[in-house]
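Asks: How does the following fold in three dimensions:
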Amino acid sequence: MAPLREILFEMPKDKKQDETLIIHYFRERYSAFPKGKLIKSESPDFILKTSRHHTIGIEITQIIPPAGGFSSSVRLYEEVEKIIRKKDKKLPLYRKNHFNEIWLLITCDDLNLPGDIQLDEILSGPGLNNGFEKVFLMDLFEGVVKVLR
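Replies: Sure thing, here's the model as predicted:
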């Protein structure tokens, strides 16, 4: 399969279609993704029904990297933290639907990190504490999924 980045750039822009492609790519790349029925929604973007009594709300958002990628681990951390804080404020809205879990999937077209930056170290900082049950960072170009929480 071609990297999702190539597929997204070849198609006309349609946010809902992009989100659908991203969630299926995420499902393919994240080996612990639970089995269940995915339903397109709004606030959060998807509902995953894993059983009759268990649902997961999944919100998708994106980081736009600076030209040349993230040259500094501090810059990447600040961007991720800013997005998490923004989405964390929407949790009361998401929780009205009584999901068992709410996940946040942060995507980036290409993190393009220098080799000496260790994602696991930067993204495990205390500033990333939030109300989501799981937070993910997915590099769409590489197809790499990092679990931040």
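Asks: so the residue nearest to the spatial centre of the chain is in which element?
Replies: Relative to the mean C-alpha position of the chain, the nearest C-alpha, by Cα atoms, centre = their mean, is the one of residue 105, at 1.6 Å. Element membership for residue 105, per DSSP states H and E: strand 101-108.
Asks: Partner strands of that strand, with direction?
Replies: strand 54-63 (parallel), strand 134-139 (parallel) (DSSP bridges).
Asks: Now that strand: buried residues?
Replies: Neighbour counts over strand 101-108 (16 or more other Cβ atoms under 10 Å) mark 102-108 as buried. No exception for glycine: its C-beta is placed from N, CA and C like everyone else's.
Asks: hmm, back to that, and the residue nearest to the centre of the chain, how far from residue 141?
Replies: 16 Å (Cβ to Cβ, to the nearest Å).
Asks: ok so, going back, outside of the strand holding residue 105 itself, which residues are in contact with it?
Replies: 22-23, 26, 44, 55-65, 80, 83-84, 87, 91, 94-95, 130-140, 148 (Cβ atoms under 8 Å, 6 or more residues apart in numbering).
Asks: And the residues you listed, which of them are buried?
Replies: Buried residues within the contacts of strand 101-108, counting neighbours by 16+ other Cβ under 10 Å: 22-23, 26, 44, 55-60, 62-63, 65, 80, 83-84, 87, 91, 94, 130, 132, 134-140, 148.
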